[in-house]
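Participant: take a look and give me a structure for this.
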Amino acid sequence: MPKASPQRSCLACREAKDKGSLLRFVLAPDRTLVPDLQQKLPGRGVYTCMKASCLRQAALKKQFGRGFKEEVPAVDAELLLGQVGAKLEERIASYLCLANKAGKIVSGADQVAEKLKKGGVGMLVIASDISKESGEKFRGLARLKGVRCMTLFTKERLGELMGKELRSALAVTESGFVASIDLEMEKYRNFFEEERE
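Facilitator: Sure, this is the predicted structure:
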């Protein structure tokens, strides 16, 4: 019989869930609260659901002190939300960089459109500041080919990740990277409670 995964309760909604599906926090030596996305930092951990609303509620109701059973300095909910959002984005960015190094990314508007038409694309990444017309063109091609889309990062940031100039779209070719990026993107969407594209 498979071993049941450990359960933890969310500080805000009190719902018990698999530990791996929750967001873990630890206290740094200076007593500041640190998000531990990979659940590897040492020390006692407390948890919230992977949702901005639960994190905000835990901070506003001062639940972190109760969870750690000690005084925790005042927690700025919006600052903490920003830290978690930035860490989630960095995880996605690191997978995109790895995929690029492995030769599994096509970038540049014309090249991406061509690759979508030919097939073999596992995921399309569209810049958040792309023009409406260009965005619709890429999304239409992706829908036609049954390719998942995600909108994240500016053209400048996508370019930086590829070591190039501005990039309005990236095509991640079919590979193991697609599942990893999709999993991280799902965590990001769940956290900000966004609708899936």
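
Participant: and residue 17, what element?
Facilitator: strand 16-18 (DSSP states H and E).

Participant: hang on, I meant residue 153
Facilitator: With DSSP H and E as criterion, residue 153 is part of no helix or strand.

Participant: and the pLDDT at it?
Facilitator: For residue 153, the pLDDT comes out at 95.

Participant: about what we covered before: the strand holding residue 17: which residues count as buried?
Facilitator: residue 17 (16 or more other CB atoms under 10 Å). C-betas here are computed from N, CA, C, even on glycine.

Participant: who's in contact with it?
Facilitator: 5-10, 49 (CB atoms under 8 Å, 6 or more residues apart in numbering).

Participant: pairing partners for it, with directions?
Facilitator: Strand 16-18 has the following strand partners under DSSP bridges: strand 7-9 (antiparallel).

Participant: pLDDT averaged over the partner strand - what is it?
Facilitator: Mean predicted confidence for strand 7-9 is 95.

Participant: buried residues, it. List them.
Facilitator: 8-9.

Participant: and stretch 104-124, how far out from the chain middle?
Facilitator: Mean C-alpha position of stretch 104-124 versus that of the full chain (CA atoms, centre = their mean, to the nearest Å) differs by 22 Å.

Participant: got the contact list for that stretch?
Facilitator: By CB under 8 Å, 6+ apart, stretch 104-124 touches 96, 99-100, 134, 137-139, 141-142, 145, 147-150, 158, 162, 164, 167-175, 177-178, 181-182.
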